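*Asks:* I would like the atomic coordinates for the input below:
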Amino acid sequence: HGFYTPHESRIGFDFAKEKPADFPEDAPENSWKGHPFNYFTQGCAYTEVEVDLLTGNHRTLFSDVIVDVGSSVNPAIDIGQIEGAFTQGMGWSTIEDIAYAFNDQPEIFNVSLLEDADNPFAVHSSKAVGEPPFFLGTSVFYAIKDAVRSVRKVNEGGKEKYFEMRLPATSERIRMYLNDDIGLKAKEIVVGAAELASSYQPQGSF
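*Replies:* A predicted model of the protein is given here:
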């Protein structure tokens with residue numbers, strides 16, 4: 001058991017510090033103010049979904065995830081942490097306001113750790129893992145939005161128009177966002193005007 005203390009040169013950020021006259025012009029903006037964090041972690045996720053146009057239900061066919069955890073001390077634990085955080089983020093962005101659900105895990109779920117990413121500023125060149133992969137779960141939401149965008153383009157005569165799609169992408173909301181004849185009629189009843197139906201934002205799952 002134990003802990004470590006980062007060197008003071010790696011942490012500390014002075015919001016009020018003015019830019020020194022001799023500071024390099026090609027250095028990152030605000031970098032003269034210090035280091036707000038000892039290090040940064042990063043990740044990337046690619047997700048493919050299938051959306052049922054009749055019910056609004058979606059299937060997460062697969063997700064490929066890669067995360068920078070430095071030099072992993074225990075890959076099995078780190079991958080488990082990533083899977084848990086991704087699943088939490090996936091649920092947060094798709095089903096945490098739902099009356100019924102069919103899908104809460106990718107059918108194919110591949111997780112890998114970024115190689116050759118040593119971190120000299122922490123224990124054994126590792127990095128923390130837990131919350132960072134949470135946002136990668138929203139790749140499911142954005143895959144759903146991409147599918148909805150394709151359907152709306154067909155339903156609107158081949159024209160692709162901007163639309164705002166809010167989280168979470170529940171089955172009910174997906175169904176309403178498709179803007180087919182049935183969805184538009186349902187939204188027209190809610191808002192009371194046909195011209196407002198296409199841009200109506202569903203407020204909840206029921």
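*Asks:* C-alpha from now on. contacts and neighbour counts both.
*Replies:* Noted.
*Asks:* quick check, central residue of this structure?
*Replies:* Using Cα atoms, centre = their mean, the residue of the chain that lies closest to the mean C-alpha position is T138, 2.8 Å off.
*Asks:* confidence score at F206?
*Replies:* On pLDDT, F206 comes in at 47.
*Asks:* cool, and V111?
*Replies:* For V111, pLDDT reads 95.
*Asks:* quick check: closest non-adjacent residue to it.
*Replies:* Closest residue to V111 apart from its sequence neighbours, by Cα to Cα, 6 or more residues apart in numbering: V65 at 4.8 Å.
*Asks:* the one you found touches Q42, doesn't it?
*Replies:* No - contact criterion Cα atoms under 8 Å: V65 and Q42 do not qualify, at 11.0 Å.
*Asks:* between these two, which one's more packed in?
*Replies:* Between V65 and Q42, counted using other Cα atoms under 10 Å, the more crowded position is V65 (24 against 13).
*Asks:* if we go by neighbour counts, what in the host helix or strand of the more buried one is buried?
*Replies:* Assigned by DSSP states H and E, V65 belongs to strand 58-67. Across strand 58-67, burial judged by 16 or more other Cα atoms under 10 Å covers 58-60, 62-67.
*Asks:* same thing with stretch 176-191?
*Replies:* Those would be 176-180, 183-185, 187-188, for stretch 176-191 by 16+ other Cα under 10 Å.
*Asks:* widest-spaced pair of those residues?
*Replies:* Using Cα to Cα, the buried residues of stretch 176-191 span at most 13.8 Å, a distance reached by L178 and E188.
*Asks:* so which of the buried residues of strand 58-67 is the closest to A128?
*Replies:* Among these, and counting by Cα to Cα, the member closest to A128 is V67, at 10.8 Å.
*Asks:* ok, the closest one to P36 distance?
*Replies:* Going from V67 to P36 by Cα to Cα, to the nearest Å gives 21 Å.
*Asks:* can you tell me which residues contact the residue nearest to V111?
*Replies:* By Cα atoms under 8 Å, 6 or more residues apart in numbering, the contact set of V65 is 43-46, 110-112, 136.
*Asks:* which SS state does F109 fall under?
*Replies:* State at F109, reduced to three classes by DSSP: H, G, I helix; E, B strand; the rest coil: strand.
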